[in-house]
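> turn this into a structure:
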Amino acid sequence: MIVGEVAKFSENVLHPVWRVGDQGCKYDGNDVVTPPGWKEAYAQYVEGGWPTLPASAQYGGQEFPITLDTVKSEFCATANWTWFMYPMLSHGAVECMMAHASEDLKNMFLPKLVSGDWTGTMCLTEGHAGSDLGTIKTKAEPVGDGSYKISGTKIFISCGDADFSENIVHLVLAKLPNSPNGTKGISLFVVPKYMVKPDGSLDTSRKNALCVGIEHKMGIKGSATCVMAFEDSIGYLVGKENDGMRQMFSFMNTARLIVGVQGMGAAELSYQNALIYAKDRLAGRSPRGVQQPEKAADPIISQPDVRRMLLKLKAISEGGRCLVYHVALLEDQVRRATSAEEKHKAEAELGLLTPIVKAFLSETGFEVANDGLQVYGGHGYIGEWGMEQIVRDARIATLYEGTTGIQSMDLLGRKVMMDGGKALQAFCGDILSFCKKSTSPRAEVLTGLVKEWLALSAEIGGRMKKDPATLGSACVDFGFYSGYIVLAYMWLRMEEAASLKLQKNEGESDFLQAKIYTSQFYFNRLLPRTKSLAATVLAPTEDLMQIPEESFALE
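Purely as a prediction, here's the structure:
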């Protein structure tokens, strides 16, 4: 029932207002107005109780598994990603406060955040400090009553202001007086747009946090990307002083996984549209004989190159979906583990896969969204079809919540190397065990690649000890290499499940056979990219570092 209802909401409410979102938000110098129909859609979202699915019952949540909430996230993200950014960021704020805030702060803010009556954001970036948060200048001065005055300017704040909710709760990184330099001196504060009175009502006489402008962007125009000014804004410390970066990672890791869903959703939406178009569009004749002799031409889906693009879309969207739900199950295992050992194993695998989900699915989602546009030919470039909007909206996914380069450095430098490769070895052990039991001829291919994955990691680790530039030189290609192997594992599992059902005469045979065909396509057409990536991962750092800076000149 829940899955069916969120499907109806996504299809009948969210998707119809997706295209109009490209008109963007309006800022009148004081307030942000979202695109037509968006405020009303959000009201229906709240009325339906959708924000409450995974949250704690103590604060009004329903405590459903993350896996179920991910179904909601996938449907909403595919139907209208930009709109979904508003409740998605609120969910991240809830997760962060649940993990780190005091009971007083939780009681003040979580019930309204959980219900959706209030929305939430994270405020990290400053004009001079993009991903280098150790250099932020926003300051927090103790007032003496347990609160702080926050002063500074933050940029690129997604959903920093809107007409959706009564209040907006900003989680702001700032530095206290005499705090240590760098990221070790960052603290986290809750700063509401409107102050909350002792009786729980809002003081709307003045804004405590100000949106002073919105960015004009390539895509996701319906999300208000705000410049936020904090001018002696009252805030409350979350947890301990100088622990803000660790605390904010609770928010960022949630966002990173959802951005992976964004990439998968872009692939899925592009695929659905491209498939319909390819079946309807007539041009040329099939190379394997006339398909529709009564017509002047055959549908372009009969052309091998069009099928190649459609199968790429299918392989990435369905493979990405399997990976997204695999990770959601890990999140549930972490929350519901009955032993420390079970929890540690799930946490280690979740940590390993998070940068892969974020970087690989956002990159490949953007790539195949372009393939979907290509299926349309010149019509894909025309705004009325919506395909170019999918591409523009998907482009940001490789940038925010940590660029592909940053995610790749996290994967290789922290998740693989810092624990001596234990998390990678454990995950690879699971894949090898599965391959050993598999009856698919593709299991042998994956077995060889997993062993190569481990060998590459060991080789890079040795080189990093001798040359610090190795990490930055190898990490992005290593991230892509890892992503293709992880998705191969997902496809082999789907193929194995489909084959077993076919043997038992269970399920829809056409659907199951398509899984096997798509797995074969992935292994033959996409997985071989690992061959070139293995070579570039080990390419010498001097290829990048030997050329003098002056030689990059255009003269």
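> Ala394 is in contact with Pro263, correct?
Not Pro; residue 263 is Gly. Yes. Under the criterion of Cβ atoms under 8 Å, Gly263 lies in contact with Ala394, with a separation of 6.8 Å. (Glycine included, C-beta is placed from N, CA and C.)
> find the residues that touch each one of these two.
The contact sets of Gly263 and Ala394 overlap at Ser362, Gly365, Phe366 (Cβ atoms under 8 Å, 6 or more residues apart in numbering).
> next, the buried residues of the helix or strand where the last one lies.
The reference is to Phe366. Here Phe366 sits within helix 340-375, counting by DSSP states H and E. For helix 340-375, burial by neighbour count (16 or more other Cβ atoms under 10 Å) applies to 345-375.
> got it, and stretch 394-404?
Across stretch 394-404, burial judged by 16+ other Cβ under 10 Å covers Ala394, Arg395, Ile396, Ala397, Thr398, Tyr400, Glu401, Gly402, Thr403, Thr404.
> ends of it, how far apart?
End-to-end distance of stretch 394-404: 14 Å, with Cα to Cα, to the nearest Å as the criterion.
> next secondary structure element downstream of the helix holding Phe366?
helix 387-395.
> tell me the angle of that next one relative to helix 340-375?
150 degrees (axes from the mean of the first three to the mean of the last three Cα atoms, to 10 degrees).
> which helices and strands sit right next to helix 387-395?
helix 244-280, helix 340-375 (3 or more Cβ pairs under 8 Å, 6 or more residues apart in numbering; DSSP states H and E).
> following the longest one, which helix or strand shows up next?
Looking back up the chat, that one is helix 244-280. Following helix 244-280 in sequence, per DSSP H and E, is helix 304-336.
> and that following helix, what other elements does it pack with?
On a contact count with 3+ Cβ pairs under 8 Å, 6+ apart, helix 304-336 meets helix 66-100, helix 244-280, helix 340-375, helix 469-503, helix 509-521.
> I'd like the ones you listed laid out as JSON lines, including mean pLDDT and distance to Pro177.
Shown next, in JSON lines, are the helices and strands packed on helix 304-336 (pLDDT from 0 to 100; distance: least, Cβ to Cβ, whole Å):
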{"stretch": "helix 66-100", "mean pLDDT": "97", "distance to Pro177": "22"}
{"stretch": "helix 244-280", "mean pLDDT": "95", "distance to Pro177": "15"}
{"stretch": "helix 340-375", "mean pLDDT": "97", "distance to Pro177": "34"}
{"stretch": "helix 469-503", "mean pLDDT": "98", "distance to Pro177": "35"}
{"stretch": "helix 509-521", "mean pLDDT": "98", "distance to Pro177": "58"}
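> just so I know, which of these lies nearest Asp543?
Nearest to Asp543 among those is helix 469-503; the distance by Cβ to Cβ comes to 7.8 Å.
> can you pull the buried residues of the closest one?
470-496, 498-499, 501.
> now for Thr34: which residues touch it?
Cys25, Ala162, Asp163, Phe164, Gly222, Ala224.
> give me the pLDDT for the nearest residue to Phe64 once chain neighbours are set aside.
In this structure, Phe64 finds its nearest non-sequential neighbour in Leu53, 4.7 Å apart by Cβ to Cβ, 6 or more residues apart in numbering. If you check Leu53, the pLDDT there is 97.
> next, Leu53: phi, psi?
phi -50, psi -60 (degrees, to the nearest 10).
> contact partners for it?
Counting by Cβ under 8 Å, 6+ apart, Leu53 touches Ile2, Gly61, Gln62, Phe64, Leu68, Asp69, Lys72.
> which residue sits farthest out from the middle of the protein?
Most distant residue from the mean C-alpha position of the chain: Glu294, 46.5 Å away (Cα atoms, centre = their mean).
> per-residue confidence at it?
Glu294 is given a pLDDT of 95.
> do the same with the one 3 residues further on
Note for Ala297: predicted pLDDT of 96.
> surely it touches Asp280?
No. Under the criterion of Cβ under 8 Å, Ala297 is not in contact with Asp280, lying 11.7 Å apart.
> those two: which is more packed in?
Ala297 (15 against 10; other Cβ atoms under 10 Å).
> how about that one, nearest residue that isn't a chain neighbour?
Leu282 (4.1 Å).
> tell me the SS of Gly462?
Under DSSP: H, G, I helix; E, B strand; the rest coil, Gly462 falls in the helix class.
> with that, I have no additional questions.
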